[in-house]
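Chemist: just a sequence and a predicted model for now, questions to come.
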Amino acid sequence: MTADSMPSVGDFRRRAQSWLAEADIPRLPGEYAGRPQLLRAWHRALYKAGWVGIQWPRDVGGLGLSVHHQLAFNEELARARAPQPAGAIGLEIVGPTILKYGTQAQRDRYIPPLLAGDELWCQGFSEPDAGSDLASLRTNGVIDGDALVITGQKIWTSWATDTDWCALLVRTDPAATRPHHGISYILVSMHAPGVTVKPIVMLNGDAEFNELFFDQVRVPLANVLGELNGGWALAMDTLGWERAGYSIRRRVENEVAFGELVDHTQAQLESADRQPDAASATAFGCVYAQLKAFEALTKRSARRLAEGAVPSPYDSVDKLWLTQTEQALTSLAFDLLRAERTAPIDDDGRERVKRFLYGRAASVYGGSSQIQRNLIAERLLGLPRGR
Amino acid sequence: MATAVPAEMAVELTQAADSLVKRELARPEVRTAAREGWSADLWAATAAAGWFDVLAGEEHGGLGLGPVAAAGLFSVIGRQLVPGPYLDHIVMVPMIYAHASASVRSRLDRARAGRALIVLADPIACGSEGALLVDGSLTGRACLVRYGSVADGLVVIARDPARGAVVAFVDAQAPGVTAAPRDSFDSASVVADVRFDQVAVPGDFVIPAPGAVIHRLRGVLRLMIAAELTGLARHLLDASVGYAKFREQFGRPIGSFQAVQQILAEMAIQVLGAEAFTADCAAQCDMDRAEPDLTDTIALKGFASQVARQVGESALQVHGGIAFTEEFDDNRWFLHALTLQGLYGDEAASFDEVGRTLLARSAVHSLGK
């Protein structure tokens, strides 16, 4: 599609708004176990209505529109209080990497069901002993004929219990001169013999994270994405998409959550016939200012994504800003619970506690804040490699 | 006034302003004078370059380039620490001009041409009471007036018990006006307390500016102070990064230590956030709107104050012992940031006001909508 034949972002946004106003938006249960099935159905409904793969090329089943169209839809989805489709990891993180580095055969095989929501993806990067130092990962892949035999353990894999495929980093050359030179990026079926998933219950009671165990799992070499032992660049590309695209989406979700918190607090003050106390008013104003600053930054990131300038040290800037605003917002909502903060009286209160606890993870997942600051120091500020 | 100017034009203007100031400050006599808070040569050069015409509408002989271009100038003023009553001459004079009588305009014209200093006395800027204007007679005190002891004229926001806030023009030489300069720790802030003792204000010296104009003026001033604060913070960041690459301890640059890198990276993300927020706020600032929505300019002022203060404190930390000496030049940026932090409400006062506005009964907000 040429730029001339594209609908304007404004028209596209209005169409999304009217579709979402009529849509049967799933209401997610508080318990995690009830969610995956609803989210998968929601993904298929979005796909059927033509809202999935907006910026993806038409030859793989996308709409061939721009990043700006995709971001406008993501914003409307958040404003409609609608959840992301179940295949968000595939759509936002793994998919773009397959598109960029995959062979034609790999694109033909994996992209259509990824878009349709028929196959969901997870991401197997972190290991118990390879967190911030991702390049030290030890899950190994040994070549045996036309297959790679994989053995090892991954951790912190989101939504793995309900996924079909995993984008996995494995060490395929233990003798490589530098650790990140011996890593391959491979696409592994979660239904293959030898794959075991073990949920991890989080601080907030949800079991979104998992451990993955690979015991002599045979995966065809044809499933390697990019070059054998050349997976590190792909992983960095994936993390760039994760940091930039994810930050933009979460920003809008946080704005929606802040708007709800303002409305809720307004109503409480009104029914008690009270004025806000100085500390609360100041905290609200401070979070508002941060959300505005983050919004301004993500507009620049949208332009960067549209120009394909990913990965970039600015992805780390976005990630740190997302962390800062999300933690400030969830802390404010949590602190307003006062004395009943660990034993709130209603569902709204329980949700605030869950979000606060989940918010603490924001400075760790997707690369910890310390690591992001190191990246900024080296790559944006041009400081010597850190010690 | 124009609201939409091609972004490239604003960028060009900012670059030209940057080169002009660099060129002027390269002259030793200008640099020495600027360090003491006033360089007549530098002031004349910026006036000649059209800085005071940027916001003025074309119908009044201005350039009508709008707030994005003006914010660009204030970012240069911050980055290079240009002293002078620029808030008054780039923002206040053109915004008051449209409402002024012929006799006041003739005085404002001299200020626009760089031949007179006319400064604003706004009690809200420093949280004071303000003077009273009763039956054409002005009495009271204005605190912390920029260049108040050397100005030729003052635009005073006063209270008229019958009409509320009013704007009055006062000649500095008028009987009953006395200015007492204050010592400031900030060399780039020359201030005075001005007393008005039954100063006669003729009818055509009362500027019939409706309340919305005063609100709008304060909103644009907050925006431009934020742009200047962001420029100050940018300079302090760049200076600290430069120092960390140069200064060695334990046989290597201190910028190679993660403990120092973490501080610098945190400074950088805050400065980037302030720059983006300032640019967006300027782009959305509609100079003609009758009912100004000030929430965002107040939030921005608070945010930029917080960032400049924190970045300034971190800059001192990164520089170590030298930072606490007079010979450390970048202290001047930090001290000026502290001055601007306090004007029109620091972060605590600004955020408090924004929060109260958001939480006011039946207040309508656009968050997440």
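Modeler: Arrived safely.
Chemist: can you give me the strands in the chain?
Modeler: Reading this off chain A. Secondary structure of chain A by DSSP state E: the strands cover A:121-124, A:140-144, A:147-155, A:165-171, A:183-189, A:195-200, A:209-220, A:224-225.
Chemist: actually it's chain B I care about, not the one you picked
Modeler: Using DSSP E, the strands found in chain B span residues B:118-121, B:132-134, B:137-146, B:153-160, B:164-171, B:177-182, B:191-200, B:206-207, B:248-249, B:252-253.
Chemist: ok, and which of those strands has the densest surroundings?
Modeler: Highest mean neighbour count of the strands of chain B: strand B:118-121, a mean of 28 (counted as mean count of other C-beta atoms under 10 Å in any protein chain shown). The C-beta positions use only the backbone N, C-alpha and C, and glycine is treated the same way.
Chemist: stretch B:272-290 near chain A at all?
Modeler: Yes: remark: stretch B:272-290 sits within contact range of chain A at B:272-274, B:276-277, B:279-281, by C-beta under 8 Å from any C-beta of the partner chain.
Chemist: tell me the mean pLDDT for that stretch?
Modeler: Averaged across stretch B:272-290, pLDDT comes to 85.
Chemist: stretch B:201-214 now?
Modeler: Stretch B:201-214 shows a mean pLDDT of 91.
Chemist: how about that stretch: buried residues?
Modeler: Neighbour-count burial for stretch B:201-214, counted by 16 or more other C-beta atoms under 10 Å in any protein chain shown, picks out B:201, B:205-207, B:209, B:213-214.
Chemist: tell me which of these is nearest to B:Arg105?
Modeler: B:Arg105 lies nearest to B:Ile207 out of those, by C-beta to C-beta, at 10.0 Å.
Chemist: ok, what's across the strand from the closest one?
Modeler: Note on B:Ile207: beta-bridge partners B:Val167, judged by DSSP bridges.
Chemist: got the strands of chain A as a markdown table, with mean neighbour count columns?
Modeler: Formatted as a markdown table, the strands of chain A follow (neighbours: other C-beta atoms under 10 Å in any protein chain shown):
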| stretch | mean neighbour count |
| --- | --- |
| strand A:121-124 | 26 |
| strand A:140-144 | 16 |
| strand A:147-155 | 20 |
| strand A:165-171 | 26 |
| strand A:183-189 | 24 |
| strand A:195-200 | 16 |
| strand A:209-220 | 18 |
| strand A:224-225 | 22 |
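Chemist: got those as JSON lines, with mean pLDDT and distance to chain B columns?
Modeler: Listed next are the strands of chain A as JSON lines, based on pLDDT from 0 to 100; distance: least, C-beta to the nearest C-beta, whole Å:
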{"stretch": "strand A:121-124", "mean pLDDT": "95", "distance to chain B": "25"}
{"stretch": "strand A:140-144", "mean pLDDT": "97", "distance to chain B": "30"}
{"stretch": "strand A:147-155", "mean pLDDT": "97", "distance to chain B": "25"}
{"stretch": "strand A:165-171", "mean pLDDT": "97", "distance to chain B": "25"}
{"stretch": "strand A:183-189", "mean pLDDT": "98", "distance to chain B": "24"}
{"stretch": "strand A:195-200", "mean pLDDT": "96", "distance to chain B": "29"}
{"stretch": "strand A:209-220", "mean pLDDT": "97", "distance to chain B": "27"}
{"stretch": "strand A:224-225", "mean pLDDT": "98", "distance to chain B": "31"}
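Chemist: closest one to A:Gly386 among those strands?
Modeler: Closest of these to A:Gly386 is strand A:183-189, at 21.8 Å (criterion: C-beta to C-beta).
Chemist: mind listing the helices for chain A?
Modeler: A:9-22, A:35-48, A:67-79, A:88-89, A:95-101, A:104-116, A:231-272, A:278-306, A:313-335, A:347-360, A:369-375 (DSSP state H).
Chemist: would TSV of those with mean pLDDT be doable?
Modeler: Converted to TSV, the helices of chain A look like this (pLDDT from 0 to 100):
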stretch	mean pLDDT
helix A:9-22	96
helix A:35-48	94
helix A:67-79	90
helix A:88-89	88
helix A:95-101	92
helix A:104-116	95
helix A:231-272	87
helix A:278-306	93
helix A:313-335	95
helix A:347-360	94
helix A:369-375	95
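Chemist: columns mean neighbour count and distance to B:Asp135 on top of these, output as a markdown table?
Modeler: Below are the helices of chain A laid out as a markdown table (neighbours: other C-beta atoms under 10 Å in any protein chain shown; distance: least, C-beta to C-beta, whole Å):
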| stretch | mean neighbour count | distance to B:Asp135 |
| --- | --- | --- |
| helix A:9-22 | 14 | 55 |
| helix A:35-48 | 18 | 70 |
| helix A:67-79 | 22 | 55 |
| helix A:88-89 | 23 | 70 |
| helix A:95-101 | 21 | 72 |
| helix A:104-116 | 17 | 77 |
| helix A:231-272 | 20 | 43 |
| helix A:278-306 | 22 | 39 |
| helix A:313-335 | 23 | 50 |
| helix A:347-360 | 17 | 57 |
| helix A:369-375 | 20 | 62 |
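Chemist: between the ones you listed, which gets nearest to A:Val142?
Modeler: Closest among these, using C-beta to C-beta: helix A:231-272, at 15.4 Å.
Chemist: export the helices of chain A to TSV and append columns for distance to chain B.
Modeler: TSV is the format used below for the helices of chain A (distance: least, C-beta to the nearest C-beta, whole Å):
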stretch	distance to chain B
helix A:9-22	11
helix A:35-48	20
helix A:67-79	6
helix A:88-89	19
helix A:95-101	24
helix A:104-116	28
helix A:231-272	3
helix A:278-306	3
helix A:313-335	5
helix A:347-360	15
helix A:369-375	4
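Chemist: B:Pro67: which of the ones you listed is closest?
Modeler: Nearest of the helices of chain A (C-beta to C-beta): helix A:278-306, 14.8 Å.
Chemist: and that closest one with helix A:67-79, angle?
Modeler: Orientation of helix A:278-306 against helix A:67-79 (axes from the mean of the first three to the mean of the last three C-alpha atoms, to 10 degrees) gives an angle of 150 degrees.
Chemist: per-residue pLDDT, the residue lying closest to B:Ala304 once chain neighbours are set aside?
Modeler: Excluding its sequence neighbours, the residue lying closest to B:Ala304 (C-beta to C-beta, 6 or more residues apart in numbering or on different chains) is B:Ala226, at 3.7 Å. At B:Ala226, the pLDDT value in this model is 98.
Chemist: what about B:Ala226, distance to B:Ala299?
Modeler: Per C-beta to C-beta, to the nearest Å, B:Ala226 is found 10 Å from B:Ala299.
Chemist: again, but for A:Glu255
Modeler: As defined by C-beta to C-beta, A:Glu255 lies at a distance of 14 Å from B:Ala299.
Chemist: equivalent analysis for A:Ile25, please.
Modeler: 31 Å.
Chemist: then A:Trp232?
Modeler: A:Trp232 is 42 Å from B:Ala299, by C-beta to C-beta.
Chemist: next one: A:Cys286
Modeler: Taken as C-beta to C-beta, the spacing of A:Cys286 relative to B:Ala299 amounts to 9 Å.
Chemist: ok, A:Arg350 next?
Modeler: 30 Å.
Chemist: now swap in B:Ala323 and tell me
Modeler: 30 Å.
Chemist: which one's more surrounded, the two?
Modeler: B:Ala299 (31 against 17; other C-beta atoms under 10 Å in any protein chain shown).
Chemist: excluding its backbone neighbours, what's nearest A:Ala333?
Modeler: In this structure, A:Ala333 finds its nearest non-sequential neighbour in A:Arg352, 4.5 Å apart by C-beta to C-beta, 6+ apart.
Chemist: thought the one you found was touching A:Pro344?
Modeler: Yes: here A:Arg352 reaches A:Pro344: they are 6.9 Å apart, a contact under C-beta atoms under 8 Å.
Chemist: can you select the buried ones from the residues of stretch B:272-290 next to chain A in ChimeraX?
Modeler: In ChimeraX, this line selects whichever of these come out buried by 16+ other C-beta under 10 Å:
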select /B:272,273,274,276,277,279,280,281
